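> structure for this input, please:
(one chain, ligands or ions: 1)
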Amino acid sequence: MVDRANRPSALNAPSAAAPGAQVDITGSGASSKVTATLPSGESVEVLLYGATVTSWKSNGGKTENLWLSEKAALDGSKAVRGGVPVVFPVFGPPPKSGHATSALPQHGFARTSRWEFLGKSTSEDALDSSSVKLDFGLYSSGLTEEARKAWPLDFGLVYSVTLSKDSLQTVVNVRNEGETSFEFQFLLHTYLKIKDISKVAINGLLGVEYVDKVLNATTHSQKDESVTITGEVDRVYSKIPQDTTTVVEDGAPRFDVVRDNLQDTVVWNPWTEKAAAMGDFSPDAGFKEMVCVEVGAVNGWQKLEKGEVFEGGQTIKSLL
Ligand code: BG6
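Purely as a prediction, here's the structure:
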């Protein structure tokens, strides 16, 4: 289990729905989604399928911060291409054999499972009236038979999505509800929407070691202050000492991605060929308008003994 000294600030996050925050559940079956809108116009949309955040608008509702493919499946037929898919209990392709996750698909089952909406928080002692928190749950009993068979362990996930005026916080709480220990990885596969990838720099990773999946999974150290993207990038930065990764666009900070009790960050952009090869990636040139900055615990495994809990997540600040 991870060191609990850095207790996530999520626990201190505003836990109440703002008076006047509008929360709606629309659609049916796998297309059901929860939408929350603050009185000042900011909004968030969460599909129950995968508990995938598919839209987050700040700036009074005028600025969309998440990239969503025009061909993203939003009907529960496959993982959503865009927004914030939740990766659990394995990141990437699982170990070929010999691990409890080996029979799972790439990135696990959380992003392709239907979650329950547990409700908005309604505590009356809220200090911050301009935020709303939505909770989603996924339990072993709620998995498809296929997923349950592939990972027959008893767990409970609670995923909390808190919308504030200028930020979105997404935090997971993983509980081992079984009799035996289990190992897992976790990652928030956030697709940030940007205007022009050629003007983007990602800061906050200087000196950090990363595995470059484009270069045969070799290990490197980040030598430049900024990561810039001029081709396919697929890097797993690990054990990052500082909490904040900043996405700068055209010289101005655009997003701060703040990790909470998570040490790793994946930077991913598929670029021309990989984007074209993905049937659900659209438009083809969409890779110029997105960059994935994915916080997680993916270096090795997190272990939870019976009854233990892990909590980790992110706060993304829109700096426009
Ligand atoms: C990233 C991985 O997190 O997700 C990439 O580092 C992968 O290797 C990408 O290509 C997208 O994965 P998927 O399963 O959504 O196509």
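
> other SSEs contacting the longest strand seen in the chain?
Secondary structure of the chain read by DSSP state E shows that its longest strand is strand 290-304. Packing contacts for strand 290-304, counted by 3 or more Cβ pairs under 8 Å, 6 or more residues apart in numbering; DSSP states H and E, involve strand 167-176, strand 182-188, strand 191-193, strand 200-203, strand 244-249, strand 252-260, strand 264-269, strand 309-318. Yep, even glycine has a C-beta here, placed from its N, CA and C like the rest.

> of all these, which one comes closest to the ligand?
Minimum separation from the ligand across these (Cβ to the nearest ligand atom) falls at strand 264-269, 4.5 Å.

> next, the buried residues of the helix or strand following the closest one.
Helices and strands here follow DSSP states H and E; after strand 264-269, the next one along the chain is helix 271-277. Buried residues in helix 271-277, counting neighbours by 16 or more other Cβ atoms under 10 Å, are found at 271, 275.

> show me which residues of this protein sit near the ligand.
Contact residues, the chain versus the ligand (Cβ under 6 Å from any ligand atom): 79, 92, 106, 107, 189, 213, 234, 266, 268, 294.

> quick one: buried ones out of those?
Buried by 16+ other Cβ under 10 Å: 79, 92, 107, 189, 213, 234, 266, 268, 294, out of those.

> just to revisit the earlier point, format the residues of the chain next to the ligand as TSV; extra columns: distance to residue 69 and pLDDT.
Listed next are those as TSV, based on distance: Cβ to Cβ, whole Å; pLDDT from 0 to 100:
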residue	distance to residue 69	pLDDT
79	11	98
92	20	98
106	17	98
107	16	98
189	13	99
213	21	98
234	18	98
266	18	99
268	14	99
294	16	99
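
> which pair of those residues spans the longest distance?
79 and 213 (18.5 Å; Cβ to Cβ).

> beta-bridge partners for residue 175, please?
Beta bridges link residue 175 to residue 156, residue 309, judged by DSSP bridges.

> hang on, it packs against residue 308?
Yes. Using Cβ atoms under 8 Å, residue 175 is in contact with residue 308, at 7.5 Å.

> those two: who's more crowded?
residue 175 (17 against 14; other Cβ atoms under 10 Å).
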